[in-house]
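> Kindly return the folded structure for what I paste below:
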Amino acid sequence: MTLITQIEDKGAVVAWSPIGQHADVIALGSKEKGGIGFDDYGGELELYDLNITKEGGDSSTPTLLGSLKTSTRFGSIAWSSASASSGIDGSNVTSTGILAGGLLDGTVNLWKPSSIMNELPDATLASVSLPNNNNDGSSSSGSAGGVSTLKFNPHADSRHLLATGTSTGHVWMMDCTTPENGSIVNVYSPGGEGAKSQGGEITQVSWNSQVSHILASSCANGTVVVWDTRQKKPWCELRCEANCPVSDMAWNPTQGLHMMTASEG
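Take a look at the predicted model:
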């Protein structure tokens, strides 16, 4: 495999634009202090054009299209092609989709990529602090833990649904139907009210490739929970035989009953 281009000195989480006319655009959310020059805690979101598919483009020099500062660094990032027709409100969202950033302070931010590219003041659609639940399902004050992973639902009729996982072992769903005026319609657990922690950091969330309301979450305690988000309850739980941390998991893109996991150890 040949190296096409690179952006140096960037410790970051990354997302590729799902929009065809912006196929060369990527988003970088700073994960480390190196190269950022902001402060010990703050982060930065940057959009780059890699110039790798355009005729006559110079792939050796990625172009910075826009950036903005965040209060803390990133734990995860996702980019959806959701538009106004699928529930996301705002005319600027339709051309470039919507970006979600999971931050280390338990906040999920939603942005308009088009506004970041054009340096417009309305880039932030919403900023949501996830709930902090105890192991017994009760809520308490304090941080919900870092947002370690998040994924938009890939199905056309459900692209407004965002699944998130935290370092404290909780999975949260966000209904992004109308992220305007700094608000989110709903934040809830796929396990319903009083849902407990999965028992360790959530390492990955993944939507089933065939059924839009089936979600899986892998955990550092060696478990994978498959959720029925319509029924708001677990459908099943899988456990690594040696209780090794499950570092990643993915559904078969063409077979909804096949899942692959990666374990440490």
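
> what are the ranges of the helices in the stretch 101-250 of the chain?
113-117 (DSSP state H, counting those that start in this stretch).

> contacting residues around stretch 221-235?
For stretch 221-235, contacts defined as C-beta atoms under 8 Å, 6 or more residues apart in numbering pick out 161, 169, 171, 173, 188-192, 198-200, 213-219, 236-240, 242-246, 249, 259, 261, 263. Just so you know, the C-beta spots here come from the backbone N, C-alpha and C atoms, and that holds for glycine as well.

> Just name the shakiest helix or strand of the protein by mean pLDDT.
helix 93-96 (a mean of 64; mean pLDDT, DSSP states H and E).

> hang on, the earlier thing: now, of the contacts of stretch 221-235, which are buried?
Buried members of these, scored by 16 or more other C-beta atoms under 10 Å, are 161, 169, 171, 173, 189-191, 198, 200, 213-219, 240, 245-246, 249, 259, 261, 263.

> low pLDDT regions in this protein?
1-3, 9, 33-41, 55-60, 83-94, 133-144, 178-185 (pLDDT under 70).

> show me the contacts for the spatially most central residue of it.
Centroid-nearest residue in the chain: residue 150, 2.9 Å away (criterion: C-alpha atoms, centre = their mean). Taking C-beta under 8 Å, 6+ apart, we find residue 150 in contact with 76-78, 100, 102, 108, 162-165, 205.

> ok, now with 10 Å
When contacts are counted by C-beta atoms under 10 Å, 6 or more residues apart in numbering, residue 150 touches 13, 75-78, 100-102, 108, 162-166, 172, 174, 202, 205.

> do the same with residue 220
Residue 220 touches 148, 167, 169, 198-203, 244-247, 264, counting by C-beta under 10 Å, 6+ apart.

> Swap in 7 Å and give it another go.
Contacts here follow C-beta atoms under 7 Å, 6 or more residues apart in numbering; on that basis residue 220 touches 200-201, 203, 245.

> Skip the chain neighbours and tell me the closest residue to residue 242.
residue 265 (6.2 Å; C-beta to C-beta, 6 or more residues apart in numbering).

> ok, so what distance separates the one you found from residue 204?
17 Å (C-beta to C-beta, to the nearest Å).

> Which one's more surrounded, those two?
residue 204 (21 against 9; other C-beta atoms under 10 Å).

> what's the closest residue to the more buried one other than its chain neighbours in contact with, if anything?
Nearest non-adjacent residue to residue 204, counting by C-beta to C-beta, 6+ apart: residue 218, 4.6 Å away. Each residue near residue 218 by C-beta under 7 Å, 6+ apart is listed here: 203-204, 224, 246, 248-249, 261.
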